[in-house]
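S.K.: Dropping the sequence and predicted coords here.
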Amino acid sequence: MASFLSQYITLTPGRFVDITTGEVVGRHNGKETLTYGQKARISGQKEKYYVVKKLIDSNDVFVARGSTNSHLLTDKVTVNVESFVWISGIAPGDLLTSDNWRCRVRYNDDCIRCNIEMTNNQLVVFLHSLTPIVSPGQVLALYKEDVCYGGGIV
């Protein structure tokens, strides 16, 4: 993928940093080629590392050791209100008060029960169970029973 992307954009190389220890564990050829939850290809490491966070300013990519690391899971997803599209055209009146909301962040995944808060023009969706971290650009859809009320870009 790096060779393909480098034909169209300038890749920004940087460091792989262990999110638990802060130790630099390797280097990458461009954060633009990496996705949250993806296995990081770091030579010389005995255990596998996975991408959990990318810093724009420093080009550092934070990685977590092992596929069961808690940094690879989340119980909260944030969506910009302006990117959210309500099927009815407006947000439901009980958006912030109902306990019956469920959300889906990946195609074909089961819906997860959730509660919703609004903060600084963001919908903050609190999940009732952990899910793998969600990459920016993925879509979160909100449901009540089997009815989809809308969705927005994470």
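M.R.: On my side now, so go ahead.

S.K.: now the helices for the protein?
M.R.: Assigned by DSSP state H, the chain shows helices spanning 2-5.

S.K.: Can you pull up the most central residue in it?
M.R.: Val134 (2.1 Å; C-alpha atoms, centre = their mean).

S.K.: correct me, but it touches Val77?
M.R.: Yes. Contact status for Val134 versus Val77: in contact at 5.3 Å, counting by C-beta atoms under 8 Å. For glycine as for every other residue, the C-beta is placed from the backbone atoms N, C-alpha and C.

S.K.: what sits in contact with each of the two?
M.R.: 105, 140, 154 (C-beta atoms under 8 Å, 6 or more residues apart in numbering).

S.K.: Can you give me the pLDDT of the last one?
M.R.: Going back to what we said before, that points to Val154. At Val154, the model reports a pLDDT of 90.

S.K.: now swap in the second one and tell me
M.R.: We note a pLDDT of 95 for Leu140 in this prediction.

S.K.: for the first one, same thing?
M.R.: Note on Val105: pLDDT of 90.

S.K.: so what's it up against?
M.R.: 77, 112, 131, 134, 138-141, 154.

S.K.: Buried only: go through those residues for me.
M.R.: 77, 112, 131, 134, 139-141, 154 (16 or more other C-beta atoms under 10 Å).
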